[in-house]
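Peer 1: Quick one: sequence plus predicted model below, questions after.
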Amino acid sequence: MLYIIKVKLYYKTMSEISTKTVENAIYKLCFEANTRLNKRVYNQIYEEYELSTAENRQILEQILKNAKIAYEKKMPLCQDTGQVIVFLEIGQGAVLRGKYINDAINDGIKRCYEENFFRKSVVKNAVFERTNTKTNTPAIIHTKVVQGDEIKISVLIKGAGSENKTGLKMELPTAEEEEIIKAAGDIVLSAGENACPPMFIGVGAGLSADMALVMSKEALISEDFSNEEIQLGEKVKDYINSNSIKRYGRNFVIDVKIKTNATHIACLPIGVTINCHSNRYSKCTIRGENVVYEHETPDFKEIAETNSSVKEVRADDFETIRALKKGDKILLSGEIYVARDMAHKRLLELIEPKKPLPIEIKDKIILYAGPCPAKTGEIIGSIGPTTAGRMDKYAVKLYDMGLLATIGKGDRSKETIESITKNNAKYFTLTGGIAAYLAQKIKKCEIIAFKDLGTEAVYKICVDKLPIETAIN
């Protein structure tokens, strides 16, 4: 006689992980990365500050002060709270329960950005529908299946100013070390002032063209390097800084990290990711429902101000502003406008058919920026300059209409420089990536045009001792 016995086995693995835990972890990682500079990064910047000459210290002072203000006030370090890049390592022995993990990640980001008034900067489609998703999602998620039963999550907050200067060089497979150093270094040097120096650089060498760039981002947040990779990174750093001192009078790079890997016998891809001084990342490990975060708070230092000898100038003192020379540093006070890409596009769409403008252009100053939303009780959220060169397609027309000055970061086109000179106008630069610090300089703020553009609307603000430098006169 044949007997059939049914046996049910009940087994609960210790590595079962709820994706709700992942969602909550992502929320915290995004908040910490945006508001608290990693201790390692802060210490590297402070070391650079201590070694710098008095002439080059002011920018580093502002960066260090910004880190302290952002942490204490729970404000974004930079107004560009970036596109969220997630490196996800899932242990093969982990069992996920709940919603799809990518949905959990995006939901965590959405909640964090909405509840903490972070700027939302992601559009639906790069080509066909450049409308803001208003959630800062979808995130860019890189997933690996690894050994073990844990989930490791690394979040990198990537702003566009430095991301736009990312580079890829396909070197010959026979390239010598000096050629590799030059290939990586020249990508950084070509960025000039546009990527908010001093910078952190990630380099990926190997695999394929696309994966070399992914490796370069991993390098920015990794602490696991071979001795050969560390030594090569130092050589690239020395190459960049020796050349940036000659061209700009200061070091451009604080650190260079290189990751290498296998590749095809006929290839040597070199991917370079440029990150400004605000190298924002955070990490955690999840096992079961236990989450261990790796983010350490810096030991903030007291940093002295060196603005005492800088001239104070009012925004309506046209004569003094027009008389400023390249290299003059001033503290600007008074009413100015804030506008960036989409606002400029709208203005030109009104100017061409000679329709009325919502703002006065003659003898006014425009700060190229897109601030974070203000929390209850705040005048403005974190705010800082965006890359001025993106506005060059509109700038000549506005300068010809009598615009007094613009404030941004980075270089201008030849045509814009000629227009500034011809019209006896000005272009001022402002340290990028110190948005919490700069928010303290703003005493009034109101949206006066194109409110539907959100962060890209036109604002009128009243600044108090905004530290700027004359770049073009």
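Peer 2: Structure's in. What do you need? This one's a predicted model, so the numbers in the text were calculated from it and none came from an experiment.

Peer 1: can we go C-alpha only for contacts and neighbour counts from here?
Peer 2: Fine.

Peer 1: so residue 79 sits right up against residue 372, yeah?
Peer 2: Yes. The pair residue 79 and residue 372 qualifies as a contact (Cα atoms under 8 Å) at a distance of 5.5 Å.

Peer 1: who touches both of these two?
Peer 2: Residues touching both residue 79 and residue 372 (Cα atoms under 8 Å, 6 or more residues apart in numbering) are 118, 119, 381, 382, 383.

Peer 1: Low-confidence stretches in this protein?
Peer 2: In the predicted model, the chain carries pLDDT under 70 at residues 1-14, 306-309.

Peer 1: Give me the phi and psi angles of the spatially most central residue of it.
Peer 2: Residue closest to the average C-alpha location in the chain (Cα atoms, centre = their mean): residue 159, at 3.0 Å. Per-residue torsions, residue 159: phi -80, psi 160 (degrees, to the nearest 10).

Peer 1: Distance of the residue nearest to it when sequence neighbours are not counted relative to residue 137?
Peer 2: Distances taken as Cα to Cα, 6 or more residues apart in numbering place residue 82 nearest to residue 159, at 4.3 Å, with adjacent residues excluded. As judged by Cα to Cα, to the nearest Å, residue 82 and residue 137 stand 10 Å apart.

Peer 1: Centre of the chain to stretch 403-418, how far?
Peer 2: Here stretch 403-418 is found 21 Å from its chain centre; the criterion is Cα atoms, centre = their mean, to the nearest Å.

Peer 1: buried set for it?
Peer 2: Buried positions in stretch 403-418, judged by neighbour count with 16 or more other Cα atoms under 10 Å: 403-413, 416-417.

Peer 1: Ok, stretch 185-202 next?
Peer 2: Under the neighbour-count criterion of 16+ other Cα under 10 Å, stretch 185-202 has 185-189, 191-202 buried.

Peer 1: Over to stretch 414-431?
Peer 2: 416-417, 419-420, 423-431.

Peer 1: What about these, which are in strands?
Peer 2: Helix and strand membership here follows DSSP state E; of the buried residues of stretch 414-431, those in strands are 426, 427, 428, 429.

Peer 1: Which one of those is nearest to residue 377?
Peer 2: Set against residue 377, the nearest of these by Cα to Cα is residue 429 (29.0 Å).

Peer 1: my read: the closest one touches residue 408, true?
Peer 2: Yes. Here residue 429 reaches residue 408: they are 5.1 Å apart, a contact under Cα under 8 Å.

Peer 1: Could you list the domains of this structure?
Peer 2: Under the assignment automatic domain parsing, the domains of the chain span 16-293, 311-472.

Peer 1: Now render the ones you listed as a markdown table, adding distance to residue 303.
Peer 2: Listed next are the domains of the chain as a markdown table, based on distance: least, Cα to Cα, whole Å:
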| stretch | distance to residue 303 |
| --- | --- |
| domain 16-293 | 6 |
| domain 311-472 | 13 |
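
Peer 1: Tell me which of the ones you listed lies nearest to residue 304.
Peer 2: Of all these, it is domain 16-293 that lies closest to residue 304, at 7.5 Å by Cα to Cα.

Peer 1: what pairs with the longest strand along the chain, and is each one parallel or antiparallel?
Peer 2: Of all segments of type strand in the chain, defined using DSSP E, the longest is strand 458-472. Sheet pairing of strand 458-472 (DSSP bridges) gives strand 329-338 (antiparallel), strand 426-429 (antiparallel), strand 442-449 (antiparallel).

Peer 1: what's the second one in contact with?
Peer 2: What it means is strand 426-429. 321-322, 404-410, 420, 468-473.

Peer 1: For the protein, which segments count as helices?
Peer 2: 19-35, 39-51, 57-73, 101-115, 160-163, 177-190, 209-221, 227-248, 318-323, 341-351, 392-400, 414-422, 435-439 (DSSP state H).
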